[in-house]
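Q: curious how this folds, go ahead:
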Amino acid sequence: MRALEVADWRLWRDLRLAALRDAPEAFGSSLADWQDAGERRWRERLTGSYNAVARLGGEPVGMVSGMPDNGHVELISLWVAPSARGRGVGDALVDSVVRWAAPRRVVLRVAEGNRHALALYLRHGFVESGGGALVRVPA
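A: Below is the predicted model:
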């Protein structure tokens, strides 16, 4: 797991575009929204938030963000490459945001029908709060 700096925008860009190609229904943004974005937009996306990349065998295989928002943190942009699914990468990504956010509450939204994501978040202590939203309140 590696927290990114703004200077890591190219790595973030490559993973984000792969995520939008692989699972367009899972995100609020589309590939068309980002595929022609310039360096400045990618750098701005990484500013003021927590962004991490998971690696297996030295290769980047997952990503996640934590966005501060009115006293809580919104977990967004979680994605794991198909080749790394079922190997604990998603768990490590969720844990990294929860640790970074502490002691703040973490909230997120899950796309309708995304059973695997919902199971991942429930496993990490999130509870459904209606309309696809989940929340995890620190102990």
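Q: next SSE downstream of the helix or strand of the chain with the lowest mean pLDDT?
A: Across the helices and strands of the chain, mean confidence by mean pLDDT, DSSP states H and E is lowest for strand 127-130: a mean of 90. Next helix or strand after strand 127-130 toward the C-terminus (DSSP states H and E): strand 133-136.
Q: direction included, what does that next one pair up with?
A: strand 106-109 (antiparallel), strand 127-130 (antiparallel) (DSSP bridges).
Q: buried set for the last one?
A: What it means is strand 127-130. By 16 or more other C-beta atoms under 10 Å, strand 127-130 has no buried positions at all. No exception for glycine: its C-beta is placed from N, CA and C like everyone else's.
Q: next one: the first one
A: By neighbour count with 16+ other C-beta under 10 Å, strand 106-109 contains the buried residues 106-108.
Q: helices of this protein, start to end?
A: Counting by DSSP state H, one finds helices in the chain at the ranges 9-22, 31-34, 39-46, 89-101, 115-123.
Q: return the most buried member of these.
A: helix 89-101 (a mean of 20; mean count of other C-beta atoms under 10 Å).
Q: so which of the helices of the chain comes closest to residue 68?
A: Residue 68 lies closest to helix 89-101 among the helices of the chain, at 8.4 Å (C-beta to C-beta).
Q: helices and strands around that closest one, which ones?
A: Counting contacts by 3 or more C-beta pairs under 8 Å, 6 or more residues apart in numbering; DSSP states H and E, helix 89-101 packs against strand 50-56, strand 59-69, strand 72-80, helix 115-123.
Q: which of these is buried the deepest?
A: Of the helices and strands packed on helix 89-101, strand 72-80 is the most buried (mean count of other C-beta under 10 Å), at a mean of 22.
Q: show me what that one is packed up against.
A: Other elements packing on strand 72-80 under the criterion 3+ C-beta pairs under 8 Å, 6+ apart are helix 9-22, strand 50-56, strand 59-69, helix 89-101, strand 106-109.
Q: between helix 39-46 and it, find me the angle.
A: With axes from the mean of the first three to the mean of the last three C-alpha atoms, to 10 degrees as the basis, strand 72-80 and helix 39-46 are set at 120 degrees to each other.
Q: state the mean pLDDT of strand 72-80.
A: Strand 72-80 comes out with an average pLDDT of 97.
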